[in-house]
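K.L.:
coordinates for the following, if possible.
(one chain, ligands or ions: 1)
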Amino acid sequence: MCGITGIVTRDSDSIGELLVRCSSKLTYRGYDSVGVAAVRNGKVDLRKDVGTVEEVNKLLRLSTMKGDRGIAQLRWATYGAPTKVNAQPHFGCDDVFYGAHNGNIHNYVEYKKELIETGHIIRSENDGELCVHAVDKYYEETGDMFESVRLSIQDLKGAFAYAVGRADEQEIYAVKMGSSLVAGVAEGATIVSSDLPSVLPLTNNVIYLADGEMLVLTPDDVKVYRIEDGKQLERVPQISNVDAHAAEKGGYPHFMLKEINEQPHIAQDVVGNLDGPRIEEWLKLIEDASKHYLVACGSSYNASIVGTYYFNRLAGLPMLHAIGGQFQPQYGMTMDEDSLSILVSQSGETKDILNVLNLIKGDNYGKTLGVLNVIGSTLMFQADSYIPMACGYEVSVPATKTYYSQSIIFAYLAAKLGERNGHIDPSEAKSFINRLRNDLPALTQTTIDRTGILAKNLARTMIDVKDLYCLGYGFTDGVAKEGALKIKEICYNHCEGMYSSEFKHGPLSIVTKNYPVIFITTTEDSWMVINHINEVKARHGRTIVVGEFEETLEPYVDSKHDYLEVPTSDVLINPILDVIPLQLLSYYLSVDLGINPDLPRNLSKTLTVD
Ligand code: M6R
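P.N.:
Residues are numbered from 1 along each chain as shown. Model (predicted):
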């Protein structure tokens, strides 16, 4: 949530253009409001308003701003409504200090009161403003910017990162205290940002940071210091090989559609990565543990549900799945030093997951294995080991390709474990992994080609639907929940994902004539799912089916597009493919409803708050 970008450059003509170009790559982190503070000849020009980067840039001509340093911020509102005054960056008491933050200041209420009592003028209801005032406060005491930034941290409680400057000083300062921050060093310019995509348009010469560190940016270098004692730390920039164009649409109307279409290639990359030498380390971590937990949020959680079915079926391994925020109250008392928690997070920055990581590390609750997409994320640095999702940047707020990658990772790990512990025949394990390696890319492509048109047509018939269910059984339990999440998230419809045998225990009463219920099934379970379909049909509901073609299912749909038919494979591949038509359905429905699926209202891709 929220994205900050700070740049110091020798080219004083282009700061506005640079900040807009780089910070627009963070749109997925926040799009409630945007602001730029640019410093020219010792004066800060601060422009900000409600809207996306494009909208606010058009309104306030941000990209024409001049100066040799500046800070931009894209906001996802938490403290304070999305209004102009709450937009970031903020000034301190006067227009000398300027800065912006990402994260939450938990002692906002008390600290704001304290600052006001000591004469600070606070204009907004946004906690980011307090970061600037904290620096301002210590500057009054020390007259030294470096010390003021360093000391400000003792007043601010929470998980955050901020960038700050003074009109009459050439440097920009930044701190990392629990929220992500990365820096870059280019020729005659340096940058600090909440995330790598906004650094890459300027440079691939990157410095990753740890919590408790602060930076000082000049046009020629970035110096890193430990906040605790102000000691300078040695940090050599590394060359990032992340593709800078990954954050571009590549001819697709939306990132979401582009990312759905990347899935056939991702299958190859994910399996190729799992085929590599680190697999031994990951399998051993799982094998050495006596208890196993899969912890995740949102789509990553839904993929984890699918994972538990693979671990059960292929490895005979019970894996408890938990939502990040629920983990401690639900399972905290059951953990010990022999436990393994697999923390699944696309961003590797989700606060609910980092809270679990900190709990485990603090209480010696065993080992952690991250499954993550963002290289350089906090989860990557702090987990005992990590498996990369190997998807490239996922920009669209709705997760698609990362969910798909996670399902493959769990399927692969489970088959390998089952092969080693004898739960399944080695030839069965090898054959399944070969199918993931050799057949899945083409099957995925066929699924996109075949169900794309059907999903588009189906979406048109659902334009007035406001309420529906998405039901799965066995392996498709998590798939149904993921389909429902997509429809909720980008179509603003109420769609509940649940286990299909549960539907008759209450929700069935909602069904009246044409009430839509989507059933997702594998070939193995369709005999059972037909019972659940009949229960809806008998009440004149509309049943939509996702799965392989089966003659027994065909009579239950009223038209061709109500059967989102995936290509023939097998029960273990079905759950990986079945999510794709649901991604496509939600995408087309969202577009038909006039919504931008990449930037659904009220949301942010990376949730670094509690
Ligand atoms: O980065 P993470 O995987 O930890 O994110 C978890 C959720 O916030 C995320 O999956 C969210 O539910 C998606 N926007 C759903 O499409």
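K.L.:
what sits closest to the residue of the stretch 51-200 of the chain found nearest the ligand if chain neighbours are left out?
P.N.:
Nearest residue of the stretch 51-200 of the chain to the ligand: residue 180, at 11.1 Å (C-beta to the nearest ligand atom). The C-beta positions use only the backbone N, C-alpha and C, and glycine is treated the same way. Closest residue to residue 180 apart from its sequence neighbours, by C-beta to C-beta, 6 or more residues apart in numbering: residue 349 at 4.9 Å.
K.L.:
can you give the domain ranges for this protein?
P.N.:
Split into domains by automatic domain parsing, the chain comes to 3-246, 255-592.
K.L.:
what is the rounded mean pLDDT of the shortest one?
P.N.:
Rounded to a whole number, the mean pLDDT of domain 3-246 is 94.
K.L.:
first-to-last residue distance for that domain?
P.N.:
Start-to-end span of domain 3-246 (C-alpha to C-alpha, to the nearest Å) is 18 Å.
K.L.:
off-centre distance for that domain?
P.N.:
Averaging C-alpha coordinates over domain 3-246 and over its chain gives two centres that are 21 Å apart (C-alpha atoms, centre = their mean, to the nearest Å).
K.L.:
now the last one
P.N.:
Relative to the mean C-alpha coordinate of its chain, domain 255-592 is positioned 16 Å out (C-alpha atoms, centre = their mean).
K.L.:
contacts only, for residue 459.
P.N.:
Counting by C-beta atoms under 8 Å, 6 or more residues apart in numbering, residue 459 touches 585, 588-589, 591-592.
K.L.:
distance to residue 608 added to the domains of the chain, as JSON lines?
P.N.:
Shown next, in JSON lines, are these (distance: least, C-beta to C-beta, whole Å):
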{"stretch": "domain 3-246", "distance to residue 608": "5"}
{"stretch": "domain 255-592", "distance to residue 608": "5"}
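K.L.:
out of these, which comes closest to residue 602?
P.N.:
Between residue 602 and those, the tightest spacing by C-beta to C-beta is seen for domain 3-246, at 8.4 Å.
K.L.:
look at the residue nearest to residue 180 and give its secondary structure.
P.N.:
coil (DSSP: H, G, I helix; E, B strand; the rest coil).
K.L.:
so what's the backbone phi/psi at it?
P.N.:
Here is the backbone geometry of residue 349 (degrees, to the nearest 10): phi -130, psi 0.
K.L.:
for the ligand, what is the nearest residue in this structure?
P.N.:
residue 298 (1.9 Å).
K.L.:
returning to what we had before: tell me, how many residues neighbour the residue of the stretch 51-200 of the chain closest to the ligand?
P.N.:
26 (other C-beta atoms under 10 Å).
K.L.:
residue contacts, it?
P.N.:
Shown in contact with residue 180 (C-beta under 8 Å, 6+ apart): 102, 161, 194-195, 349, 377-378, 606, 608.
K.L.:
can you do 7 Å?
P.N.:
Residues in contact with residue 180, defined by C-beta atoms under 7 Å, 6 or more residues apart in numbering, are 161, 194-195, 349, 377-378.
K.L.:
please apply the same query to residue 300.
P.N.:
Neighbouring residues of residue 300 by C-beta under 7 Å, 6+ apart: 344-346, 406.
K.L.:
please enumerate the helices of the stretch 301-450 of the chain.
P.N.:
For the stretch 301-450 of the chain, the helices defined by DSSP state H, counting those that start in this stretch cover 327-331, 351-362, 378-382, 401-421, 426-434, 440-461.
K.L.:
in helices, which of the contacts of residue 459 fall?
P.N.:
Counting by DSSP state H, the part of these found in helices is 585, 588-589, 591-592.
K.L.:
quick one: which of the residues you listed is most hemmed in?
P.N.:
Among these, residue 585 has the most neighbours (other C-beta under 10 Å), with 28 neighbours.
K.L.:
count of neighbours near the closest residue to that residue other than its chain neighbours?
P.N.:
Spatially, and ignoring its direct neighbours in sequence, residue 585 is nearest to residue 455 (4.3 Å; C-beta to C-beta, 6+ apart). Neighbourhood size, residue 455 [other C-beta under 10 Å]: 23.
K.L.:
who touches residue 455 in this structure?
P.N.:
Taking C-beta under 7 Å, 6+ apart, we find residue 455 in contact with 564, 581, 584-585, 588.
K.L.:
run the last query once more with 8 Å
P.N.:
For residue 455, the contact set (C-beta under 8 Å, 6+ apart) comprises 561, 564, 581, 584-585, 587-588.
K.L.:
what parts of the stretch 251-400 of the chain come near the ligand?
P.N.:
Contacts of the stretch 251-400 of the chain with the ligand, taken as C-beta under 6 Å from any ligand atom, map to 297-300, 345-347, 350, 353, 397-399.
K.L.:
now do the SS call for residue 497.
P.N.:
Classification of residue 497 using three-state DSSP returns strand.
K.L.:
mind listing what the spatially closest residue to it that is not a sequence neighbour touches?
P.N.:
Among residues not flanking residue 497 along the chain, residue 484 sits closest, at 3.0 Å (C-beta to C-beta, 6+ apart). Contact analysis of residue 484 by C-beta under 8 Å, 6+ apart lists 469-470, 495-498.
K.L.:
returning to that earlier point: need the contacts of residue 300 in a markdown table (columns: pLDDT and neighbour count).
P.N.:
Output for the contacts of residue 300, formatted as a markdown table (pLDDT from 0 to 100; neighbours: other C-beta atoms under 10 Å):
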| residue | pLDDT | neighbour count |
| --- | --- | --- |
| 344 | 98 | 32 |
| 345 | 98 | 34 |
| 346 | 96 | 30 |
| 406 | 98 | 32 |
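K.L.:
quick one: which two of those residues are the most distant?
P.N.:
Using C-beta to C-beta, the pair of the contacts of residue 300 lying farthest apart is 345 and 406, separated by 9.8 Å.
K.L.:
which residues do these two both contact?
P.N.:
Shared contacts of residue 345 and residue 406 (C-beta under 8 Å, 6+ apart): 300, 371.
K.L.:
residues in contact with residue 544?
P.N.:
Listed by C-beta under 8 Å, 6+ apart, the contact partners of residue 544 are 458, 516-519, 557, 562-564.
K.L.:
tell me which of these fall in strands.
P.N.:
516-519, 563-564 (DSSP state E).
K.L.:
show me the subset of the residues you listed that also lies near the ligand.
P.N.:
Filtering the ones in strands among the contacts of residue 544 for proximity to the ligand by C-beta under 6 Å from any ligand atom leaves nothing.
K.L.:
got the residues of this protein near the ligand?
P.N.:
Contact residues, the chain versus the ligand (C-beta under 6 Å from any ligand atom): 297-300, 345-347, 350, 353, 397-399, 485, 489, 606-607.
K.L.:
got a markdown table for the contacts of residue 455, with pLDDT and distance to residue 276 too?
P.N.:
Shown next, in a markdown table, are the contacts of residue 455 (pLDDT from 0 to 100; distance: C-beta to C-beta, whole Å):
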| residue | pLDDT | distance to residue 276 |
| --- | --- | --- |
| 561 | 93 | 41 |
| 564 | 97 | 34 |
| 581 | 98 | 31 |
| 584 | 98 | 31 |
| 585 | 98 | 35 |
| 587 | 98 | 32 |
| 588 | 98 | 37 |
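K.L.:
so can I have CSV of those residues showing distance to residue 540?
P.N.:
Shown next, in CSV, are these (distance: C-beta to C-beta, whole Å):
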residue, distance to residue 540
561, 19
564, 21
581, 24
584, 27
585, 22
587, 29
588, 26
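K.L.:
farthest-apart pair in those residues, please.
P.N.:
Spatial extent of the contacts of residue 455 (C-beta to C-beta) is set by the pair 561 and 587 at 14.9 Å.
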